[in-house]
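>>> One predicted model, sequence on top.
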Amino acid sequence: MISPQPGRTPDLTYELEFKNIHKKFGDLWACKNISLKIKKNSIHALIGENGAGKSTLLKILFGFYYPDQGEIVFQQQALQSMNPDLALKMGLGMVQQHFTLSPEMSVLDHLILTRPPGSVFLSRPKILNKFEMLAGQWELKVPFLKKVGELSVGEQQKVELLGLLIQNVSVFIFDEPTAVLSPEDSEIFFQQILKLKNAGKTIILVTHKLKEVLKWCDEYSLLSQGQMVQSGPTNLENFDSLSAKLLKNVKIDRAESLCSDLDTRPLLTYKREFSKSGDLKFQIFAGQIVGVCGVEGNGQEEILTDLVESNRNMALTWKKISIQSLNNDQRRDLGIGYLPSDRLKQGLILSADVIENALLADDRSWNFFSFGFLRRKNVREFLKKIFYEFQIVPANWKLPLSSFSGGNQQKFLVAKELQKKIQLLVAPHPTRGVDLQSAEKIHSSFYDFKNAGGSVLVISSDLEELMKLSNRILVIFNRQIVGELKNPDWDEKKLGRLMSGGVK
Amino acid sequence: MKGLLGFIFGLGLSLILVSVLGENPIHILQIFYNSVFATQYDLATTLFTMTSLIFTGLSVAVAFHAGLFNIGAEGQLLMGSLGMAISGLLLPNLILPYSFLWALVLGLCLGGFWGFIPGYLKSRWGGHEVIVTMMLNFIAAGIVNYFVIDVFQNREVQTPETIPLTKEFLLSSFTHGIFPRTPVNASFLFAVLFCFLFYVLIYHTRWGFQLRSVGKNPEASKFYGVPYQKIQIQAFVLAGFLAAFVGVNEVLGFSGRLRLGFSSDLGFLGVAVAMMASGHPIGILASSFLFAFLLKGSLDLDLETQTITKDFARVIQALVLLSVIGFTQFPFKLPGFKSGK
């Protein structure tokens, strides 16, 4: 697993130092006495569950927040009254988890827009030349004249990187860079990061994936509930204790995911003909967790849209009834539950409080309304129950959803959906951008649901998650199911080959 | 709290400005105070304007909660008033209570229809509601002009207005005025009642909740099966109804006829009223009073001072409004208050 890092001769001077950072929001400690040193020319992993204080720490660094106490030292200079612009000028660059790109512009225009090149008049060919040289130097080839929105996620990340490189950034900060990448793209991404490191740059990586930390990072810091838990060089000895600390007391019986006696009648049958590449079809049986894996853009979006919205040009059968022309409300009534694939956009009203979000997509049987009028008491009781069952914190229903961490937001959505009388849960990327502890909770709720006879369709690009959860994994490539693996005969290499269209 | 601070700040600013022009600021304050509180008649006139502003404010607010911008309250209130003004002329022989109901229904239907058009265009084809409602305002003005001047003009007077309605069609046939012989009428009580009903509707019913979720995150509403197109149309129809109630205040409650230009931008002021209150009905009560106060006060300034003309009075209005909005909408903390509201 662990590969020796070439050129691991860290320069011992520290590039960045956080000294006793305190930050409090209301009664909540977002950061409590966090001290952290980041060595120059190293890859430093920042890990911890959602809400551990990682984002707050970085926001303080970039001047979005001011710390209540403590200071930050960058290149032996104490930083004062920071703002994002100044940070960039000083050489601190960040790539957000949700990219900050303008999809309608060409790559070149976007790069020009975000990084004005000094002179008043633009000479496009000159700038293009400059960027092409830079791209050649770092092996970040992107189609400069295409629209940003047409690029793949991996390419978009390269655009973000180019934007930082042209500014001579010396510290690169990535927020969950591989959350949206396929395994191959992640590998490529880390090769690039190594190149940056070898060129003397410093990299901070916010991540949930311990495997990545172990494989690529030199040092790590583990935060929990706003406090520093431990910090040090990455090696196998402290890896086990690390994952144990991250998971705390969530336990799951892995054997549960072994195949149970399957109902032979299919619950759901999906069939759609794509003119170019033939049929896309699969079946889901009761009491199964079915995983769909594949590189993004190979048909997952189509499956999802068809499952959610009506589409007469395909065949969707639910327990022998054709449902392709039913709308999403009617499908819910039949017993299909949905998680949104993008929880911020589709799943939540961020500015509204928990109660209002609970009302969105309520089930009639919960009696949230009587004669159209809100019954707050029923909502509160419902929330009390799911917040307890899913350990969602903070249990304050007056807070807007935006002040919950990603993991807690996702747990809230899963909990709400599983409370309904459903037999199938469609769950795209159920733990994307979610901390390990919450992910475990979500996974165990899926097991419980399955053991009670329900089925889950998990669409994910996270192979590990799929192998852990699924009874069957369907591999999708070029809008076709190119292979199926059954628990427990997992073969990561075979999956990888199938995903890239290697074998039939 | 912040609003009051903003009001004082804006007023202070205006007073400095008038003293530069050579007026005594104390005198100006007196005029402002007197214009609202001096006599029962003054207060009643202010409340009369306030009533109309509550209706248009609520009209804008209901669309606002659905994420829509209703610039068309002006057209909707004109159509509503037209319906009420001509109801009694079309069927003059109706008797109570059918006469009044007929006037109400015709007015509300026309107003509601004027709201339905942008709502339908928005949800069916995505026609932008701001453009549509703005255009519909002009169309409504044209239609009203035609009916008032060319069809139902009252020949006994020189001003453009319709033939007055008979007593059976008026609100006063049911109720006695709050203050006799003043414009304010029972519509004021309706308006206040509507604010509370509006509050219940928006914050305590399924429909209100769906309305707001469509406004705050249309994507999520769509994903969770909220019928957002239906909601958008309903919101606009309701907005039309509410704006049409200005007709109840003006035509059925007070003058009994439609006089061209009676509205003097009540519909547009409704936008400001609603925005200042962030769409909250109780806030609308306060902001509509503030607006009515400023409208009335600046009229009197024009009459009672030498230097302050009608136009300059508008400057004062704008200064006070801008500071109230500035103080209420900007995120800053008042010392001594935990969370400024």
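Nice, thanks for sending it over. Residues are numbered from 1 along each chain as shown, chains lettered A, B, ... in the order given.

>>> OK, contacts around B:N217?
A:345, A:348-350 (Cβ atoms under 8 Å, 6 or more residues apart in numbering or on different chains). Where you see a C-beta, it was placed from the backbone N, CA and C, and this is true even at glycine.

>>> now for the residues you listed, which pair is the farthest apart?
A:K345 and A:I349 (10.8 Å; Cβ to Cβ).

>>> and those two? which has more neighbours close in?
A:I349 (21 against 14; other Cβ atoms under 10 Å in any protein chain shown).

>>> what does chain A put close to chain B?
Counting by Cβ under 8 Å from any Cβ of the partner chain, chain A comes close to chain B at A:308, A:327-329, A:332, A:338, A:340, A:345-352, A:356, A:359-361, A:368-369, A:372-374.

>>> Derive a ChimeraX selection command for the buried subset of those residues.
Entered in ChimeraX, the line below selects the buried ones among the residues of chain A next to chain B, by 16 or more other Cβ atoms under 10 Å in any protein chain shown:
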select /A:308,328,332,338,340,346,347,348,349,350,352,356,359,360,361,368,369,374
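
>>> Count residues in the vicinity of the residue nearest to A:V414 when sequence neighbours are not counted, would you?
Computed as Cβ to Cβ, 6 or more residues apart in numbering or on different chains, the closest residue to A:V414 that is not its neighbour in sequence is A:I442, at 5.3 Å. Taking other Cβ under 10 Å as the neighbour definition, A:I442 ends up with a count of 24.

>>> In contact with A:I442, which residues?
A:I442 neighbours (Cβ under 8 Å, 6+ apart): A:410-411, A:414, A:430-431, A:434.

>>> and if we set it to 6 Å?
Counting by Cβ atoms under 6 Å, 6 or more residues apart in numbering or on different chains, A:I442 makes contact with A:414, A:430-431.

>>> Now neighbour count, secondary structure and pLDDT too, for the residues you listed, in CSV please.
Shown next, in CSV, are those (neighbours: other Cβ atoms under 10 Å in any protein chain shown; DSSP: H, G, I helix; E, B strand; the rest coil; pLDDT from 0 to 100):
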residue, neighbour count, secondary structure, pLDDT
A:V414, 26, helix, 91
A:P430, 26, coil, 89
A:T431, 26, coil, 87
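
>>> From those, pick the one nearest chain B.
Ranked by distance to chain B (Cβ to the nearest Cβ), the contacts of A:I442 are led by A:V414 at 14.3 Å.

>>> quick one: the closest one from A:G337, how far?
Distance, A:V414 to A:G337, using Cβ to Cβ, to the nearest Å: 9 Å.

>>> can you check A:L495 too?
27 Å.

>>> quick one: which of those two has more around it?
Neighbour totals were compared for A:L495 and A:G337, and A:G337 leads with 24 against 20 (other Cβ under 10 Å).

>>> The helix or strand where the more buried one lies packs against which elements?
Using DSSP states H and E, A:G337 sits in strand A:336-338. Secondary-structure packing of strand A:336-338 (3 or more Cβ pairs under 6 Å, 6 or more residues apart in numbering or on different chains; DSSP states H and E): strand A:424-428.

>>> tell me which strands and helices the strand it packs on is in contact with?
strand A:336-338, strand A:455-460.

>>> Any chance of a markdown table for those strands, columns mean pLDDT?
Formatted as a markdown table, the helices and strands packed on strand A:424-428 follow (pLDDT from 0 to 100):
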| stretch | mean pLDDT |
| --- | --- |
| strand A:336-338 | 88 |
| strand A:455-460 | 90 |
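
>>> Could you save those strands as TSV and add columns showing distance to A:I21?
Conversion of those to TSV gives the following (distance: least, Cβ to Cβ, whole Å):
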stretch	distance to A:I21
strand A:336-338	40
strand A:455-460	35
